[in-house]
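Student: quick one: sequence and predicted model below, then my questions.
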Amino acid sequence: MNLKGKAVVGQSGGCTAVINQSLIGVVDQALKSKEITHVWGARHAVQGILAGDFIDMARQSKPVLKNVQNLPSAALGSSRYKMKEGEERKVIENFRKWNVRYFFMVGGNDTAETILRIARAAEEANYELRAIHIPKTIDNDLMETDHCPGYGSVARFVAVTTQEAGLDTRAMRHVDPVKIIEVMGRNSGWIVAASELLKKKELDPPHLLLFPEVPFDQNQFLSNVENILTRVSYCIVVISETIRDEAGNRVGARKDGVMKDPFGHPYVEGASTNLCRLVEEKFKIRARFDKPGTIQRMSIPYASEVDQVEAYQAGVHAVKWAVQGKSQVMVGFSRAKGNYKISYVPVPLEKIPGRERYIPASFFNATKTGMSAAFHRYALPLIGKKLPDFSGLKSIDAKTGD
């Protein structure tokens, strides 16, 4: 159980508003540990480990660490590097040379795969290494956990900005009556779903949601838009950048092929421009689109305080468990019944790579164009408090008083 040595922490994958909370959670707890002699931050994750490129986290001042904790994006620099065959053994050689015994990585599905490869290489080399995965993804698609750090903040961003876009489009409905908002999410629609969290009445925006889990039907889409325009006179549609048709083709895919990241995940072109074109051609009206892109995943003014606390605690628990002897686990979130409360549970790391968590059927409404009350109960606690009130003027006629 008592293992002395250095700790290395890295950040990998897409950045979030709270990824540095987890980093500083690791650093703070590691500095309290008698077993951990040094805390090194790997620049650009596994690339930094292979190159021997580290930052001494213990020599950072407390004010600097506190400031970094509340910054967006990855303070150490992130990476989507997929290790080549045999590079995991090079990592272990480097760890042995520097006496690194504790290894923490903040990241998503692909990061879990990287950690597992390194941990298994350590076993093969008969080198004791305690490796812990700290979850992070705005996509909210990791298995074996109630939700993922990063999701609560992007959900808050999307919920608030959808209402703001709704007010703008309602005011400009005689000029630009249709607005399509395109958000991130890879193969799951958790972020799209969050756009509805501040909706109060049926005819409030957003009016139509499109998910990767639900095949896109062009005719049904246009029919739905027409119905909404007839009833409301303006229409807010929120879509995932990865929506697909019945054949599985991405609505926003380029005709000349799709670029992929090192782990084989396709980069996508915007589906919103295609949908705007369909609306304009069909109805001869102006359709606009908003695409916040990477801004949505790292906006600090929209960060959820719940997300911040949980991300920090995920880092703290990772170190506590490693010092106690745990390895090859992910910090999972377990939700208690009743009032919202999270406990942190170790999840076997082998259960994470290569699997994705999609929106369950019970979270959709009957038409799968919006969300159920069950989803609202699930997601509302994650986005924090002090939410803006978007109530507008009452429709009281100045001449009649009606």
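Tutor: Yes, it's here.
Student: low-scoring stretches of the stretch 201-350 of the chain, by residue?
Tutor: The stretch 201-350 of the chain contains residues with pLDDT under 70 at 253-269.
Student: which residues in the stretch 251-400 of the chain form helices?
Tutor: Per DSSP state H, counting those that start in this stretch, the stretch 251-400 of the chain carries helices over the ranges 271-283, 305-324, 373-379.
Student: which parts of the longest one are buried?
Tutor: So the one you mean is helix 305-324. Within helix 305-324, the residues that count as buried by 16 or more other C-beta atoms under 10 Å are 306-323. No exception for glycine: its C-beta is placed from N, CA and C like everyone else's.
Student: packing partners for that helix?
Tutor: Judged by 3 or more C-beta pairs under 8 Å, 6 or more residues apart in numbering; DSSP states H and E, helix 305-324 is in contact with helix 19-32, strand 100-107, strand 130-135, helix 151-171, strand 329-335, strand 342-348.
Student: the third one: how far from the chain's middle?
Tutor: So that's strand 130-135. 18 Å (C-alpha atoms, centre = their mean, to the nearest Å).
Student: tilt between that strand and strand 329-335?
Tutor: Relative orientation of strand 130-135 versus strand 329-335 (axes from the mean of the first three to the mean of the last three C-alpha atoms, to 10 degrees): 40 degrees.
Student: strand partners (parallel or antiparallel) of strand 130-135?
Tutor: Here strand 130-135 has these sheet partners by DSSP bridges: strand 100-107 (parallel), strand 329-335 (parallel).
Student: what lies in contact with it?
Tutor: Strand 130-135 is touched from outside by 3, 22, 26, 101-108, 111-112, 115-116, 118-119, 122, 142, 145, 148-149, 314-315, 318-319, 321-323, 325-333, 349, 352, with contacts defined as C-beta atoms under 8 Å, 6 or more residues apart in numbering.
Student: retrieve the pLDDT associated with the spatially most central residue of the chain.
Tutor: Residue closest to the mean C-alpha point of the chain, counted by C-alpha atoms, centre = their mean, is residue 138 at 0.4 Å. Listed pLDDT for residue 138 reads 97.
Student: what number of residues lie near the residue nearest to residue 330 when sequence neighbours are not counted?
Tutor: Among residues not flanking residue 330 along the chain, residue 133 sits closest, at 4.1 Å (C-beta to C-beta, 6 or more residues apart in numbering). Counted with other C-beta atoms under 10 Å, residues neighbouring residue 133 total 31.
Student: domain parsing for the protein?
Tutor: The chain breaks down by automatic domain parsing into domains covering 5-138+301-351, 154-183+185-240+242-290+358-383.
Student: could you dump these to CSV with distance to residue 389?
Tutor: Below are these laid out as CSV (distance: least, C-beta to C-beta, whole Å):
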stretch, distance to residue 389
domain 5-138+301-351, 16
domain 154-183+185-240+242-290+358-383, 9
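Student: most packed of these?
Tutor: Compared across the domains of the chain, domain 5-138+301-351 shows the largest average neighbour count, a mean of 20 (mean count of other C-beta atoms under 10 Å).
Student: that one spans what distance, first to last residue?
Tutor: Start-to-end span of domain 5-138+301-351 (C-alpha to C-alpha, to the nearest Å) is 28 Å.
Student: likewise stretch 357-368?
Tutor: 17 Å.
Student: returning to that earlier point: next, format the helices of the stretch 251-400 of the chain as a markdown table and append distance to residue 291.
Tutor: Below are those laid out as a markdown table (distance: least, C-beta to C-beta, whole Å):
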| stretch | distance to residue 291 |
| --- | --- |
| helix 271-283 | 6 |
| helix 305-324 | 23 |
| helix 373-379 | 22 |
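Student: between those helices, which one is nearest to residue 397?
Tutor: helix 271-283 (29.6 Å; C-beta to C-beta).
Student: by contact count, what packs against the closest one?
Tutor: Partner elements for helix 271-283 (3+ C-beta pairs under 8 Å, 6+ apart): strand 178-183, helix 218-232, strand 235-240, strand 287-290.
Student: quick check: mean pLDDT of the helix or strand following the first one?
Tutor: This points to strand 178-183. Helices and strands here follow DSSP states H and E; after strand 178-183, the next one along the chain is helix 190-194. Across helix 190-194, pLDDT averages out at 98.
Student: what helices or strands is helix 190-194 leaning on?
Tutor: Judged by 3+ C-beta pairs under 8 Å, 6+ apart, helix 190-194 is in contact with helix 151-171, strand 208-210, strand 235-240, helix 373-379.
Student: I'd like the ones you listed as TSV, with distance to residue 193 appended.
Tutor: Shown next, in TSV, are the helices and strands packed on helix 190-194 (distance: least, C-beta to C-beta, whole Å):
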stretch	distance to residue 193
helix 151-171	8
strand 208-210	7
strand 235-240	9
helix 373-379	6
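Student: closest one to residue 358 among these?
Tutor: Across those, closest to residue 358 is strand 235-240 (C-beta to C-beta), at 11.6 Å.
Student: quick one: the closest one to chain centroid distance?
Tutor: Relative to its parent chain, strand 235-240 has a centroid offset of 19 Å by C-alpha atoms, centre = their mean.
Student: likewise stretch 237-257?
Tutor: Put simply, stretch 237-257 sits 20 Å off its chain's centre (C-alpha atoms, centre = their mean).
Student: repeat for stretch 334-351
Tutor: 18 Å.
Student: ditto for stretch 92-109
Tutor: 24 Å.
Student: pull out the C-alpha coordinates of that stretch and format them as CSV.
Tutor: What follows is stretch 92-109, C-alpha atoms only, in CSV (Å, rounded to 0.1, in the frame of the first residue of the first chain):
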residue,chain,number,x,y,z
ILE,A,92,7.0,3.1,-18.6
GLU,A,93,10.7,3.4,-19.3
ASN,A,94,10.5,7.1,-18.6
PHE,A,95,8.4,6.6,-15.5
ARG,A,96,10.9,4.1,-14.2
LYS,A,97,13.8,6.5,-14.9
TRP,A,98,12.1,9.3,-13.0
ASN,A,99,10.4,7.1,-10.3
VAL,A,100,6.9,8.1,-11.3
ARG,A,101,4.5,5.8,-9.4
TYR,A,102,1.2,7.8,-9.6
PHE,A,103,-0.4,8.6,-13.0
PHE,A,104,-3.5,10.7,-13.4
MET,A,105,-5.1,11.8,-16.7
VAL,A,106,-8.2,14.0,-17.1
GLY,A,107,-10.1,13.1,-20.2
GLY,A,108,-12.8,11.2,-22.0
ASN,A,109,-13.2,7.9,-23.8
